[in-house]
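Asker: Based on what follows, work out the 3D shape:
(2 chains)
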Protein chains: 2
Amino acid sequence: MKQSIAIDMDDTVADTLSRHIEWYKEQFGVALDRNDMDGFRIYDVVSKENLGAVRNFPNEPEFFRDLPVLDNAVDVIRDLSSKYEIYFVSAAMEHPTSFSAKYEWLRKHFSFISDMNYIFCGHKGMLNCDYLIDDSSRHLDVFSGEGLLFDAPHNRNQEGYNRVDSWKHAAGIFA
Amino acid sequence: MKQSIAIDMDDTVADTLSRHIEWYKEQFGVALDRNDMDGFRIYDVVSKENLGAVRNFPNEPEFFRDLPVLDNAVDVIRDLSSKYEIYFVSAAMEHPTSFSAKYEWLRKHFSFISDMNYIFCGHKGMLNCDYLIDDSSRHLDVFSGEGLLFDAPHNRNQEGYNRVDSWKHAAGIFA
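Answerer: Model prediction:
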C-alpha cells in the first residue's frame, strides 16, 4: 500500500498571506511587507483597530476563491501522487463560510487528486496518515505520523520541527 | 486520554431515508415503505426512470437542512461525550453542495460537540479514531479502528460486522 501524505491548504499550497496583504492594502491603505514578518502572523502585525476586520477576511468566500498557488506546488504534488496517496486537509471548520470556495479551489488547481481525498476538519489529531505537511506547528503537535513544517514567515523562528522550505525541497525529501 | 468515537451523519444520526421517502412521494406520487426495504438502498427500489432525480436529491441543500434526528441520538451522544472524544464524520465530499447545510444541522442538534470535531471527507480510511459508528459497511471496511454497523434497512442482511441496533443499544455498548 502507498504511504500517505496529508497536505494542508492555507499557506502550504494556497498563498493566503498574499491575499491578506492585498486586502489590507485595499481596505486600510497600508502596504505590509512579508519580508518584515518573520516570526509574526498577519494578526500580529496589523494595528489593533483593524484586527477584527482582518480576522474576518477569511470568512469572505471571495478570500479563497482565486488564491494564488504557491510556487511549484502543482507540479511537485502531481509527481508525488504517483508514489504516495495524497490527501488535502484543511482546518476549514474555522471558516465554515469557506467550504465551497475551498472545494472549488482544489478542484481547479489539483483536479488530479480525487475529491474523495479532501478532508475539511478542525483538529488534525485524528488523521491516520504517514506524513503531514503544514505551516501551523499546532497541527503537527497533535499529528500521530511524521510532521513537516512548511516554511512561512510566521513559523520561521520555530525550532524542533523537520522543515520544508519550498515545494522543490519537498520533492527532494520524498524522492 | 479519552478514547475516540467517530460518528457518521446520514442514516446514523440524521434520518435521510425518511427525507428520501418524503420527497419521492411529493415528486412521483409513490409512497415507499421503509419496512419493505430490508437489504435495499433507496436507489435500488425506485423505478429506473426516476433514479437520476433521486440520486440528485442530496445535492439540494434543502435536503439536509431540517432532517429529523434519529431516536435518542442527541441524548445518548451527549452522555457519551463525557467519556469519549466524539467526532462527526460525514462523506460530505459526495455532495459538495451540502457542506453548509450539514454544518448548520450539526450546530443545531449537537451544539455540545465542538465544530473542531466535525470532519467532512470522502474516504474514511484516514481516520485515526478508536471506533467508527456508520451505516455504510464500505466505510467500516477501510477503517483502521473498531467499526460498528449502525442498523439501517439497506444493511440489515449484512453479516460479519458488529452491529448497533439503535442509539439506546449504543449507550449500552459504550456504558
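
Asker: Tell me which residues of the longest helix seen in chain A come out buried.
Answerer: Secondary structure of chain A read by DSSP state H shows that its longest helix is helix A:16-28. By 16 or more other Cβ atoms under 10 Å in any protein chain shown, the buried positions in helix A:16-28 come out as A:16, A:17, A:19, A:20, A:21, A:23, A:24. (Each C-beta comes from the backbone N, C-alpha and C, glycine too.)

Asker: Of these, which pair is most distant in space?
Answerer: Maximum pairwise distance in the buried residues of helix A:16-28, criterion Cβ to Cβ, is 12.2 Å, between A:16 and A:24.

Asker: circling back to that earlier point, could you point out which of the buried residues of helix A:16-28 is nearest to chain B?
Answerer: The shortest gap between chain B and any of the buried residues of helix A:16-28 belongs to residue A:16, at 19.2 Å (Cβ to the nearest Cβ).

Asker: Touching, that closest one and residue A:10? I think so.
Answerer: Yes - shown here, residue A:16 and residue A:10 form a contact pair, counting by Cβ atoms under 8 Å, at 4.5 Å.

Asker: which residues in chain A form strands?
Answerer: A:4-7, A:85-90, A:118-120, A:131-134, A:146-150, A:163-164 (DSSP state E).

Asker: what sits against residue A:168?
Answerer: A:71, A:72, A:76 (Cβ atoms under 8 Å, 6 or more residues apart in numbering or on different chains).

Asker: One more pass at 10 Å, please.
Answerer: A:71, A:72, A:75, A:76 (Cβ atoms under 10 Å, 6 or more residues apart in numbering or on different chains).

Asker: Then residue A:54?
Answerer: Residues A:20, A:23, A:24, A:27, A:28, A:42, A:43, A:45, A:46, A:47 are the ones in contact with residue A:54 under the rule Cβ under 10 Å, 6+ apart.

Asker: so which of the buried residues of helix A:16-28 comes closest to residue B:80?
Answerer: The closest of these, once distances to residue B:80 are taken by Cβ to Cβ, is residue A:16, at 36.1 Å.

Asker: Confirm for me that the closest one is in contact with residue A:66.
Answerer: No - between residue A:16 and residue A:66 there is no contact under Cβ atoms under 10 Å: 11.9 Å.

Asker: and the gap between the closest residue to residue A:65 other than its chain neighbours and residue A:19?
Answerer: Distances taken as Cβ to Cβ, 6 or more residues apart in numbering or on different chains place residue A:101 nearest to residue A:65, at 4.8 Å, with adjacent residues excluded. Remark: distance between residue A:101 and residue A:19 (Cβ to Cβ, to the nearest Å) = 12 Å.

Asker: any shared contact partners between those two?
Answerer: Both residue A:101 and residue A:19 are contacted by A:58, A:62, A:63, A:64, A:65, A:66, A:67, under the criterion Cβ under 10 Å, 6+ apart.

Asker: neighbours around the spatially closest residue to residue A:140 that is not a sequence neighbour, how many?
Answerer: Distance criterion Cβ to Cβ, 6+ apart; nearest residue to residue A:140, sequence neighbours excluded, is residue A:147 at 3.3 Å. Using other Cβ atoms under 10 Å in any protein chain shown, residue A:147 has 19 other residues around it.

Asker: mind listing what residue A:160 touches?
Answerer: Taking Cβ under 10 Å, 6+ apart, one finds A:137, A:140, A:141, A:149 in contact with residue A:160.

Asker: Kindly apply the preceding question to residue A:138 instead.
Answerer: Applying Cβ under 10 Å, 6+ apart, the residues near residue A:138 are A:91, A:123, A:124.

Asker: Now do the nearest residue to the last one once chain neighbours are set aside against residue A:7, distance only.
Answerer: Nearest-residue entry for residue A:124: residue A:139, 4.3 Å, with adjacent residues in sequence omitted and distances by Cβ to Cβ, 6+ apart. According to Cβ to Cβ, residue A:139 stands 11 Å off from residue A:7.
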